[in-house]
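Chemist: here's a sequence, model it:
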Amino acid sequence: MKTAKCAIQAIIILIIAATLLVLLSFVSWANPGLSPASTTTLPALGFSQYPHGGAVINNIVSWNAHGWTRGAGYLVLLRPGAFLEVMLDVQATLTNATLTLTHRSGYAPGCQDHGHAPVSITVNGSTVAYSYVPSSSGLATNSWEIGRWLRLGANRIRITAGSLCSVYEIRRLEVSLHSAQRGPLEAVQMTHDVADNYAIDNVATFSPSDRRAVCWTKVASEEIGQQIEWRFYDPTGNLYFAADRKANRYNWGYIGVANRRPSGLPGNWRVDIYIAGRFQVSVPFTIETMRCSVNAPRVTGIEFPSVILADGGKTKGYVSFFDPNGDITSVRFDVVNAVRFTPFSFERNVSGKTNGSFSFRIWTTMKQTVTLKVTLYDRQRNKSEPYYFSFRAT
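Modeler: This is a model prediction of the structure:
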């Protein structure tokens, strides 16, 4: 009797364990995607190492200063209207963000406020603060809450000097970013398709033969009924397709790939998601290259400096090529990654040449890292596989 009772208890335990395993498997499958974690980051830009440059930390993409000179461990703004502009990349929904400046201005008797520098601070064009820097000796540290003006993606912070009787010096800029544990989007992922409201897989790369590239989302319950929008951008950064709908708990937007234009537009795509007109997140994905014709041209190399000056001066480079038919007609340079850079193309008459090289010139006035994709085209409408190269503008 005792043995039978133990056997029944063992069977019950096995049934409970199996049930829990099934439930756990379902929970894991039913909640795919990426949920934002609660984190704190501290992007910072320091000038204590001048004349060697400003040290960039964390999410600061680039910085640019106008009307300035180097000082002893400071960026020095010399005249009214001079400014420091910083591009900040915000990667998660924020609960709050604090901008802190370590700075000072000189003392000038007889001037308004004794010459202490009036400073204007804007975030994405909105004025956050306008105040004086009362630091005739030593450094001042001032902080402002700027979370309400920041958005996911690129943000522009500008510190502008007003009417100066003396110089205004900046030693360090930092932004304390506190990300939200939960936002309007609870999960997002790229997938081949959706079944019973759930993404069937989690992928980042699609083949030209795939039927669709689908962006699946799970929104917070309080956002149900709001308008959700997907904007798909091709590898050149141009808007390819947009779709929107009133949000349910689970939503998805997609583009057709096989036998559609995207199958012939390989490279790094992205989809930007908006809820109620507010940008939420940018989701990258890749469409692979179609197998090229045996007669297609090929880029065999790019000769270009890894670092150039962001002074508007033209820097020369060379494209090396091989083309079995010798009928290359044009070349295109598409932007894969940059803060601000314009794609360009031009015709290149190298008719009759099966190999060789030709020149190009690049210039920029913004400090940034740029990645370009180079593609050759011939008279038969064949195009080469893309060739990527990067450089820094300093």
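Chemist: alpha carbons only for contacts and neighbour counts from here, please
Modeler: Fine.
Chemist: can you list the buried residues in stretch 221-231?
Modeler: Of the residues in stretch 221-231, Glu223, Ile224, Gln227, Ile228, Glu229, Trp230, Arg231 count as buried by neighbour count, 16 or more other C-alpha atoms under 10 Å.
Chemist: so who does the closest residue to the first one other than its chain neighbours touch?
Modeler: So the one you mean is Glu223. On the basis of C-alpha to C-alpha, 6 or more residues apart in numbering, the spatially nearest residue to Glu223 that is not a chain neighbour turns out to be Pro184, at 6.3 Å. By C-alpha atoms under 8 Å, 6 or more residues apart in numbering, the residues touching Pro184 are Val219, Ala220, Glu222, Glu223, Ile275, Gln280.
Chemist: spatially central residue in this protein, please.
Modeler: Per C-alpha atoms, centre = their mean, the C-alpha nearest to the average position across the chain is that of Gly153, at 5.9 Å.
Chemist: how much space between that residue and Asp244?
Modeler: Remark: distance between Gly153 and Asp244 (C-alpha to C-alpha, to the nearest Å) = 20 Å.
Chemist: got it, and Leu99?
Modeler: Leu99 is 35 Å from Asp244, by C-alpha to C-alpha.
Chemist: how about Ile200?
Modeler: According to C-alpha to C-alpha, Ile200 and Asp244 sit 21 Å apart.
Chemist: and for Asp327?
Modeler: Counting by C-alpha to C-alpha, the gap from Asp327 to Asp244 is 44 Å.
Chemist: the more surrounded of those two?
Modeler: A side-by-side neighbour count of Asp327 and Asp244, using other C-alpha atoms under 10 Å, places Asp327 first with 21 against 16.
Chemist: that one contacts Arg381, correct?
Modeler: No: counting by C-alpha atoms under 8 Å, Asp327 sits too far from Arg381 to count as a contact (10.1 Å).
Chemist: domain parsing for the protein?
Modeler: 40-179, 185-287, 298-393 (automatic domain parsing).
Chemist: surely Thr315 is in contact with Ile308?
Modeler: Yes: the criterion here is C-alpha under 8 Å, and Thr315 meets it with Ile308 at 7.3 Å.
Chemist: who has more neighbours, the two?
Modeler: Ile308 (19 against 14).
Chemist: quick one: contacts for that one?
Modeler: For Ile308, the contact set (C-alpha under 8 Å, 6+ apart) comprises Thr315, Phe391, Arg392, Ala393, Thr394.
Chemist: buried subset of those?
Modeler: Buried, going by 16+ other C-alpha under 10 Å: Arg392, Ala393, Thr394, out of these.
Chemist: tell me where the stretch 101-250 of the chain is predicted with low confidence.
Modeler: For the stretch 101-250 of the chain, the stretches with pLDDT under 70 are 106-116, 134-138, 165-166, 180-183.
Chemist: ok, which stretches of it are helices?
Modeler: Using DSSP state H, counting those that start in this stretch, the stretch 101-250 of the chain contains no helices.
Chemist: which parts of it are strands?
Modeler: Along the stretch 101-250 of the chain, the segments classed as strands by DSSP state E, counting those that start in this stretch run 118-123, 126-132, 140-145, 153-161, 168-179, 185-191, 194-195, 198-199, 205-206, 212-219, 227-233, 239-246, 250-256.
Chemist: now do the same contact list for the closest residue to Ser351 other than its chain neighbours.
Modeler: Nearest residue to Ser351, sequence neighbours excluded (C-alpha to C-alpha, 6+ apart): Asp327, at 4.9 Å. For Asp327, the contacting residues are Val350, Ser351, Gly352, Lys353, Thr354, Asp378, Arg379, by C-alpha under 8 Å, 6+ apart.
Chemist: cutoff 6 Å now
Modeler: Neighbour list for Asp327: Ser351, Asp378, Arg379 [criterion: C-alpha atoms under 6 Å, 6 or more residues apart in numbering].
Chemist: with Val319 as the reference, measure out to it.
Modeler: From Asp327 across to Val319, the span is 15 Å (C-alpha to C-alpha).
Chemist: that older thread, pull the most distant pair out of the contacts of Ile308.
Modeler: Thr315 and Thr394 (13.0 Å; C-alpha to C-alpha).
Chemist: about what we covered before: surely the residue nearest to the centre of the chain and Leu88 touch.
Modeler: No: Gly153 lies out of contact with Leu88 (C-alpha atoms under 6 Å); the separation is 8.0 Å.
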